[in-house]
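Q: take a look and give me a structure for this.
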Amino acid sequence: MKKNEIDDFETLQGQFDSFYQEMSALAKKNPNDALNKFKLGLVNSVLKRANTFLGKSRLPFADFECFDDATMPSTSDVLLIVSQYLSAFEKLRSENIFYSYDDHKWHWTGNETLTGPPKKIEE
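A: Residues are numbered from 1 along each chain as shown. So this is what the prediction gives:
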């Protein structure tokens with residue numbers, strides 16, 4: 001990945017991480033409560049950018065693009081989708097990083113940008 005793609009990737013992944021934390025807290029309290037229009041607009045904005053970034057072949061669900069604001073989704077619905085996007089982003093990241101035995105650090109492929117290990121092997 002190019003540096004600008006890594007920057008976009010990390011921005012989107014960070015936004016999904018934040019949404020995941022927020023939705024987890026809301027879903028624990030009232031999983032069936034509808035999300036408000038403001039938060040839904042933010043989530044949909046990030047989903048649309050993520051869809052473009054991932055491309056059709058990497059989308060978690062081929063027939064899902066964003067939430068319909070006419071039928072406000074519940075916090076648990078949003079949490080489900082956000083977690084799937086986080087998984088898709090981590091899979092993409094895992095496929096584009098490597099461990100360098102020279103400096104004993106993880107790097108993005110074709111780039112000197114440092115990153116962490118894939119989540120599935122973190123302890």
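Q: where does the most centrally placed residue in the chain land on pLDDT?
A: Taking C-alpha atoms, centre = their mean, the centroid of the chain lies closest to residue 86, which sits 3.4 Å from it. On pLDDT, residue 86 comes in at 96.
Q: three-state assignment of it?
A: helix (DSSP: H, G, I helix; E, B strand; the rest coil).
Q: show me where this structure has its strands.
A: Ranges of strands in the chain, per DSSP state E, are 97-100, 105-108, 114-115.
Q: give the buried residues for the longest helix anywhere in the chain.
A: Among the segments of the chain that qualify as a helix by DSSP state H, the longest is helix 3-29. Residues 6, 8-9, 12-13, 15-16, 19-20, 22-23, 26-27 are the ones in helix 3-29 that count as buried (16 or more other C-beta atoms under 10 Å). Where you see a C-beta, it was placed from the backbone N, CA and C, and this is true even at glycine.
Q: will you turn the residues you listed into CSV that also has distance to residue 79 and pLDDT?
A: Listed next are the buried residues of helix 3-29 as CSV, based on distance: C-beta to C-beta, whole Å; pLDDT from 0 to 100:
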residue, distance to residue 79, pLDDT
6, 27, 94
8, 23, 95
9, 22, 95
12, 17, 97
13, 16, 96
15, 14, 97
16, 11, 97
19, 8, 95
20, 7, 96
22, 9, 93
23, 4, 94
26, 8, 91
27, 5, 91
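Q: nearest to residue 42, out of the strands of the chain?
A: strand 114-115 (25.7 Å; C-beta to C-beta).
Q: what's in contact with that closest one?
A: With C-beta atoms under 8 Å, 6 or more residues apart in numbering as the contact definition, strand 114-115 has outside contacts at 93, 97, 105, 106, 107, 108.
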